[in-house]
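> Give me a 3D structure for the following:
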Amino acid sequence: MIVSTHQPVFLPWPGLFLKAMKSDCTVLLDAVQFPRGRGWMTRNRLKNERGELWLRVPVHRKGRGLAPINEVEIVHAGEWPTRHLKSIRQSYKNAPYFDEFFPVIEALYRENHELLSELNIGLIKLLWDALSLGSNLVLQSELGARGRGTELLVDLCSRLGASEWLGFRAQEGHVDSSLFEAGGITARYIGYNPPVYPQLWGDFIYNLSALDMLLNCGPKCSKITAGGMKE
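Modelled structure (predicted):
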């Protein structure tokens, strides 16, 4: 079995789904510490007539510096879900697959999630289903895995009976290969070229959320995503 891992970021880029295509199981690391500073857990980029369109989810941060991702709460003051939906509608209403997928996106936003992880995982599952991924998707919190860094990855692989962990080459310097070897697990790395596909609004922008690709390309997304892999 091949396992890949990824934090449950907000509206993730296509790279998460490429790893999923090459894995038997993807584990979302929902119980690791919430990243400090700016990152992709609460924000990501789409595209509009001005170029990059940033969407951000407000969360409670004060006094929660060491909280795990699955305990971070969304701030419900204001109308940010309505603003997100309005921005997506205005930016993608002329996209070929907007009418097919926007109602599902809207319904997910209207669920009024209390936790950031619930919203993010819901959006990941939406994209997962739209790309017709056949591999399993599980949560770290469901497996009871422990440890930090490579120790956590090895424990996850062991609990799932995996013989191989799959990551991107950019991660190689941050992984202790000896711990994988000691656990009888192979750490394998692939490269990734962000795919180019038809976009609205002028010049192509790389590494947007996979939602941009979905609304523009629909069922072609799986083939486009797979084309970004480098051995």
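> Every contact and neighbour count from this point should use C-alpha atoms.
Fine.
> What are the contacting residues of whatever helix or strand R83 lives in?
If you go by DSSP states H and E, R83 is part of helix 80-92. Helix 80-92 is contacted from outside by K47, N48, E49, L55, V57, F98, F102, E106, Y109, R110, L200, L215, using Cα atoms under 8 Å, 6 or more residues apart in numbering.
> same thing but at 7 Å, please
Applying Cα atoms under 7 Å, 6 or more residues apart in numbering, the contact partners of helix 80-92 are K47, N48, L55, F98, E106, Y109.
> Could you grab the helix/strand/coil label for the third one?
It stands for L55. strand (DSSP: H, G, I helix; E, B strand; the rest coil).
> still on that earlier bit, please put the alpha-carbon coordinates of the helix or strand just after the helix holding R83 into CSV.
The element immediately downstream of helix 80-92 (helix or strand, assigned by DSSP H and E) is helix 98-109. Written as CSV, here are the backbone C-alpha positions of helix 98-109 (Å, rounded to 0.1, in the frame of the first residue of the first chain):
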residue,chain,number,x,y,z
PHE,A,98,-19.8,26.9,-13.1
ASP,A,99,-23.5,25.8,-13.3
GLU,A,100,-22.6,22.2,-12.5
PHE,A,101,-20.5,22.8,-9.4
PHE,A,102,-21.4,26.1,-7.9
PRO,A,103,-24.6,24.8,-6.2
VAL,A,104,-22.6,22.2,-4.4
ILE,A,105,-20.0,24.8,-3.3
GLU,A,106,-22.8,27.1,-2.1
ALA,A,107,-24.5,24.3,-0.1
LEU,A,108,-21.2,23.5,1.6
TYR,A,109,-20.7,27.1,2.6
